[in-house]
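Peer 1: Next come a sequence and a model predicted from it.
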Amino acid sequence: MTKDGDTAIHYAAGSGVTDNGLRYSAGSADAYMTSDVSETVDLLLKAGADINVKNADGKTPLGSSNAGKKLEEFLRSRGAK
């Protein structure tokens, strides 16, 4: 956990970590999700991570995700609120 309260699942959900599966289109704010992100989130959940954990700003992984609709739908399918 960082000093801001971000956990591994916050990072996996796309809080600025583009090298772990998020690829941004050139000239666009849109992003799409690769299997790396879904696999990472699923592994974290199997290890006991809380999909609705809040960071110091009160944001959940879903709330801190900036990766777009596809990732948000995936997180919701795993119980994110």
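Peer 2: Structure's in. What do you need?
Peer 1: What count of nearby residues applies to Met1?
Peer 2: 11 (other Cβ atoms under 10 Å). C-betas here are computed from N, CA, C, even on glycine.
Peer 1: list the contacts for it?
Peer 2: Residues counted as contacts of Met1 (Cβ atoms under 8 Å, 6 or more residues apart in numbering) are Thr7.
Peer 1: just the helices in the chain please.
Peer 2: Using DSSP state H, the helices of the chain run over residues 8-12, 35-46, 61-64, 69-77.
Peer 1: Could you list the buried residues of the longest one?
Peer 2: Okay, so that is helix 35-46. Neighbour counts over helix 35-46 (16 or more other Cβ atoms under 10 Å) mark 37-38, 40-41, 44 as buried.
Peer 1: Gly79 contacts Ile51, correct?
Peer 2: Yes: in this structure, Gly79 is within contact of Ile51 by Cβ atoms under 8 Å, at 5.0 Å.
Peer 1: So these two - more neighbours on which side?
Peer 2: Ile51 (18 against 11).
Peer 1: Check the gap between the more buried one and Leu44 for me.
Peer 2: The gap separating Ile51 from Leu44 is 9 Å, by Cβ to Cβ, to the nearest Å.
Peer 1: which residues do the two both contact?
Peer 2: Contacts common to Ile51 and Leu44, judged by Cβ under 8 Å, 6+ apart, are Ile9.
Peer 1: low pLDDT regions in the protein?
Peer 2: 15-35, 65-68 (pLDDT under 70).
Peer 1: if you set the cut-off to 90 instead, what comes out?
Peer 2: Applying pLDDT under 90 to the chain flags residues 1-42, 61-75, 81.
Peer 1: hang on, Asn52 packs against Gly79?
Peer 2: Yes: using Cβ under 8 Å, Asn52 is in contact with Gly79, at 7.2 Å.
Peer 1: buried stuff in stretch 56-66?
Peer 2: 59-65.
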